[in-house]
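Colleague: just coords:
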């Protein structure tokens with residue numbers, strides 16, 4: 001058996017929790033596997049400090065359900081949502097999707113966690129670029145998933161070759177410390193890179209491998225002059241000291257010598273707070289672990305209706321629901337699905353966020369491109385922060 005489950009194994013329910021398989025044994029034995037239910041996915045609590053989450057993985061989840069006799073209503077991929085809002089509901093014979101619950105939740109929990117973390121890092125970076133360097137922090141089978149969700153959350157680019165091909169973007173990167181060590185000198189390595197690599201690729205030199213960042217930055221800038229696009233500081237924590245002052249010093253020395261065009265790229269264990277604290281002295285960030293190992297968004301899927309009758313476990317509100325959002329002020333409300341939305345308290349019109357996504361196993365609309373979803377997420381995050389109370 002291979003370590004990585006195949007898609008067919010996932011669809012056969014072989015990655016499910018055993019209690020779902022035993023549940024199906026019971027339902028078939030009692031003739032109840034075709035009982036029709038409506039189940040909804042909500043999050044009760046976000047990771048600490050999160051004011052919203054980004055729904056991601058919804059389109060992939062729909063592909064798991066395609067061809068199965070169920071209907072799904074869901075928020076759009078890339079929608080910002082809040083605790084206790086159903087992000088999707090699924091209706092059909094319970095036995096049709098029981099053994100897929102584990103895979104469905106796993107798909108959106110991790111994807112939404114990465115996309116949400118990326119949206120927060122991008123907001124912290126402001127106008128500065130953020131690249132996803134997270135592929136190396138997880139199993140390679142997950143690299144494209146990580147980068148896809150980091151990108152739609154707001155990352156400006158990704159470094160892994162396959163991820164970039166999936167997204168339809170050019171991969172972005174610099175050079176590893178290994179190249180400097182093998183060639184024995186930073187300028188030698190940069191000259192060799194310049195001679196060998198496609199001229200269309202920006203020349204970005206790693207300057208923390210062997211010597212002081214300031215002197216290495218000046219050396220490589222004087223060697224490549226206008227062809228040098230940026231320098232990257234991946235300075236290890238044991239040598240970092242006051243990283244902000246190091247960046248300011250490098251900037252000063254480059255500017256003094258006429259290399260104002262050379263940007264400063266920073267990487268190495270950066271998270272949201274480090275990005276925010278350095279965005280006025282750096283021009284771009286490479287972020288890895290904070291994206292690939294982002295906290296998951298913990299969805300739960302619960303039955304809220306059985307054979308058309310509202311029925312839910314303790315602690316859950318029964319019945320099908322709709323989530324409404326005001327176009328004018330952004331106010332949100334969760335109401336019974338049969339209730340008309342009515343106007344918002346501000347007078348604005350309310351939009352229904354749960355829309356048909358799957359009908360009798362057929363996907364209603366093709367998924368948007370990653371770049372289109374990313375654009376939606378960036379606009380929604382901007383509106384979210386614009387509406388935050390000011391101190």
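Modeller: Received it, and whenever you're ready, just let me know what you need. This structure is a prediction, so every number in the text was calculated from the model and none was measured.
Colleague: Residue 193 in helix, strand or coil?
Modeller: helix (DSSP: H, G, I helix; E, B strand; the rest coil).
Colleague: wait, it sits on residue 206?
Modeller: No. Taking contacts as Cβ atoms under 8 Å, residue 193 lies outside contact range of residue 206: 10.0 Å. All C-beta spots, glycine's among them, are computed from the backbone N, C-alpha and C.
Colleague: between those two, which one's more packed in?
Modeller: Neighbours around residue 193 and residue 206, counted as other Cβ atoms under 10 Å, are more numerous at residue 206. The numbers are 24 against 19.
Colleague: pretty sure that one is touching residue 220, no?
Modeller: No. Applying Cβ under 8 Å, one finds residue 206 not in contact with residue 220, separated by 9.4 Å.
Colleague: Need the residues touching each of the two.
Modeller: Residues touching both residue 206 and residue 220 (Cβ atoms under 8 Å, 6 or more residues apart in numbering) are 186, 231.
Colleague: average pLDDT across the helix or strand harbouring residue 42?
Modeller: If you go by DSSP states H and E, residue 42 is part of strand 36-43. Per-residue pLDDT over strand 36-43 has a mean of 98.
Colleague: Ok, stretch 275-289 next?
Modeller: 97.
Colleague: Give me the buried positions along that stretch.
Modeller: 275, 278, 279, 281, 282, 283, 284, 285, 286, 287, 288 (16 or more other Cβ atoms under 10 Å).
Colleague: Quick check: the farthest pair among those residues?
Modeller: Farthest-apart pair in those is 281 and 288; separation 20.3 Å (Cβ to Cβ).
Colleague: before we move on, back to that, now flag whichever of the buried residues of stretch 275-289 is closest to residue 41.
Modeller: Nearest member of the buried residues of stretch 275-289 to residue 41, counting by Cβ to Cβ, is residue 287, at 28.0 Å.
Colleague: Kindly provide the distance from that closest one to residue 137.
Modeller: Separation of residue 287 from residue 137 (Cβ to Cβ, to the nearest Å) stands at 11 Å.
Colleague: Where does pLDDT dip in this protein?
Modeller: Applying pLDDT under 70 to the chain flags residues 388-391.
Colleague: if I read this right, residue 116 contacts residue 53, doesn't it?
Modeller: Yes. Assessed by Cβ under 8 Å, residue 116 is found in contact with residue 53 at 4.7 Å.
Colleague: In terms of neighbours, single out the busier of these two.
Modeller: Between residue 116 and residue 53, residue 116 has the larger neighbour count (other Cβ under 10 Å), namely 29 against 25.
Colleague: what's the helix or strand for that one?
Modeller: helix 101-125.
Colleague: try residue 323
Modeller: According to DSSP H and E, residue 323 maps onto strand 321-326.
Colleague: Could you give the separation of that strand from the chain centroid?
Modeller: 24 Å (Cα atoms, centre = their mean, to the nearest Å).
Colleague: Can you check my assumption that residue 205 lies in a helix?
Modeller: No. Assignment of residue 205 by three-state DSSP gives strand, placing it outside any helix.
Colleague: tell me, how many neighbours does it end up with?
Modeller: Neighbours of residue 205 (other Cβ under 10 Å): 30.
Colleague: do residue 221 as well
Modeller: Residues near residue 221, counting by other Cβ under 10 Å, number 25.
Colleague: For it, what is the enclosing helix or strand?
Modeller: Element membership of residue 221, judged by DSSP H and E, is helix 213-224.
Colleague: what's that helix in contact with?
Modeller: 186-187, 190-191, 194, 203, 205, 207-210, 228, 231, 233, 235, 246, 249-250, 253-254, 257, 259, 262.
Colleague: what angle separates the helix or strand containing residue 382 from helix 101-125?
Modeller: Assigned by DSSP H and E, residue 382 belongs to helix 370-386. Here helix 370-386 runs at an angle of 60 degrees relative to helix 101-125 (axes from the mean of the first three to the mean of the last three Cα atoms, to 10 degrees).
Colleague: Show me what counts as buried in helix 370-386.
Modeller: Those would be 370, 373, 374, 376, 377, 378, 380, 381, 384, for helix 370-386 by 16+ other Cβ under 10 Å.
Colleague: And these, which is closest to residue 330?
Modeller: When the buried residues of helix 370-386 are ranked by distance to residue 330 (Cβ to Cβ), residue 384 comes first, at 7.6 Å.
Colleague: Overlap of the contact sets of residue 116 and residue 53?
Modeller: residue 297.
Colleague: Which residue is the nearest non-sequential neighbour of residue 240?
Modeller: Excluding the flanking residues, the one nearest residue 240 by Cβ to Cβ, 6 or more residues apart in numbering is residue 246, at 7.4 Å.
Colleague: How much space separates that neighbour from residue 271?
Modeller: According to Cβ to Cβ, residue 246 and residue 271 sit 18 Å apart.
Colleague: what's the answer for residue 212, then?
Modeller: Distance, residue 212 to residue 271, by Cβ to Cβ: 26 Å.
Colleague: returning to that earlier point: looking at the buried residues of stretch 275-289, which is nearest residue 153?
Modeller: residue 287 (11.0 Å).
Colleague: what are the phi and psi values for the closest one?
Modeller: When read as degrees, to the nearest 10, the backbone of residue 287 gives phi -120, psi 130.
Colleague: what's around residue 134, how many residues?
Modeller: With other Cβ under 10 Å as criterion, residue 134 counts 30.
Colleague: just residue 51 next, same as before
Modeller: Residue 51: 11 surrounding residues under other Cβ under 10 Å.
Colleague: so what does the host helix or strand of residue 244 touch, helix or strand wise?
Modeller: In this structure, residue 244 sits in helix 243-256 according to DSSP H and E. Judged by 3 or more Cβ pairs under 8 Å, 6 or more residues apart in numbering; DSSP states H and E, the packing partners of helix 243-256 are helix 213-224, strand 228-233, strand 263-267, helix 272-278.
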